[in-house]
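Chemist: sequence-free structure coming up:
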């Protein structure tokens, strides 16, 4: 027997003799083992691109993050502001529930008055004498009692006039 014949085996698909180490049958074309994957060429980028990309990302971050942080510090409402706004909405909604133009507009400006008090001011829209909507400036100060999570009206002003003051309400 020849060495070439001893190194042969039959193809499992067509039964023709093929070399023992063959990965694909030369007669029927079937793969006897998993076909080899095509090698991908790795892309070679110039050495300057990575530092350039890092620099661009850093410049973008330095241009965007500080203004956004400043925005959050300036305009993002604190938890107390959100609670005070909800408390003010409830207060004014009770007073002006029948008013078809009742609306509180825009994010309020918040002022921490100290301790458990928070003040907000903004615009309140109500119906004017002729039935048209009229904007009023409001200032709403709320306070939190010890151990109480809710805010309660302390001083409420509409267009500079006091419409509620806790001190006066307690006297009545």
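Modeler: Received the coordinates, thanks. Since we're looking at a predicted model, the values are computed, not measured. Residues are numbered from 1 along each chain as shown.
Chemist: So which residues of this protein form helices?
Modeler: For the chain, the helices defined by DSSP state H occupy 3-6, 49-75, 79-95, 166-171.
Chemist: Verify the stated contact: residue 13 with residue 26.
Modeler: No - the pair residue 13 / residue 26 is not scored as a contact, 11.8 Å apart, by CB atoms under 8 Å. Bear in mind the C-beta positions are built from the backbone N, C-alpha and C, glycine included.
Chemist: Compare these two and say which is more crowded by neighbours.
Modeler: Between residue 13 and residue 26, counting by other CB atoms under 10 Å, residue 13 is the more crowded of the two (14 against 11).
Chemist: mind checking pLDDT for that one?
Modeler: As predicted, residue 13 sits at a pLDDT of 88.
Chemist: Would you mind listing the residues in contact with it?
Modeler: Contact partners of residue 13, counting by CB atoms under 8 Å, 6 or more residues apart in numbering, are 25, 28, 30.
Chemist: Now which of those would you call buried?
Modeler: Using 16 or more other CB atoms under 10 Å as the burial test, those include residue 25 as buried.
Chemist: Of the contacts of residue 13, which belong to strands?
Modeler: Cross-referencing these against strands under DSSP state E gives no overlap.
Chemist: pLDDT and distance to residue 86 added to the contacts of residue 13, as a markdown table?
Modeler: Listed next are the contacts of residue 13 as a markdown table, based on pLDDT from 0 to 100; distance: CB to CB, whole Å:
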| residue | pLDDT | distance to residue 86 |
| --- | --- | --- |
| 25 | 89 | 77 |
| 28 | 90 | 78 |
| 30 | 87 | 73 |
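Chemist: where among the helices of the chain is the average confidence lowest?
Modeler: Here the helices of the chain differ in mean pLDDT, and the lowest is helix 3-6 at a mean of 58.
Chemist: right, and residue 144 touches residue 153 too?
Modeler: No - Residue 144 is beyond contact range of residue 153, at 11.6 Å (criterion: CB under 8 Å).
Chemist: Read off the pLDDT value for residue 17.
Modeler: 91.
Chemist: Would you mind measuring from it to residue 10?
Modeler: 6 Å (CB to CB, to the nearest Å).
Chemist: What of residue 132?
Modeler: Taking CB to CB, one finds residue 132 at 98 Å from residue 10.
Chemist: so how many other residues sit close to the closest residue to residue 166 other than its chain neighbours?
Modeler: Excluding the flanking residues, the one nearest residue 166 by CB to CB, 6 or more residues apart in numbering is residue 154, at 4.8 Å. Neighbour count of residue 154, defined by other CB under 10 Å: 20.
Chemist: Buried ones in stretch 117-136, by neighbour count?
Modeler: 117, 118, 119, 120, 121, 122, 124, 125, 126, 136.
Chemist: Right, I'll leave it there.
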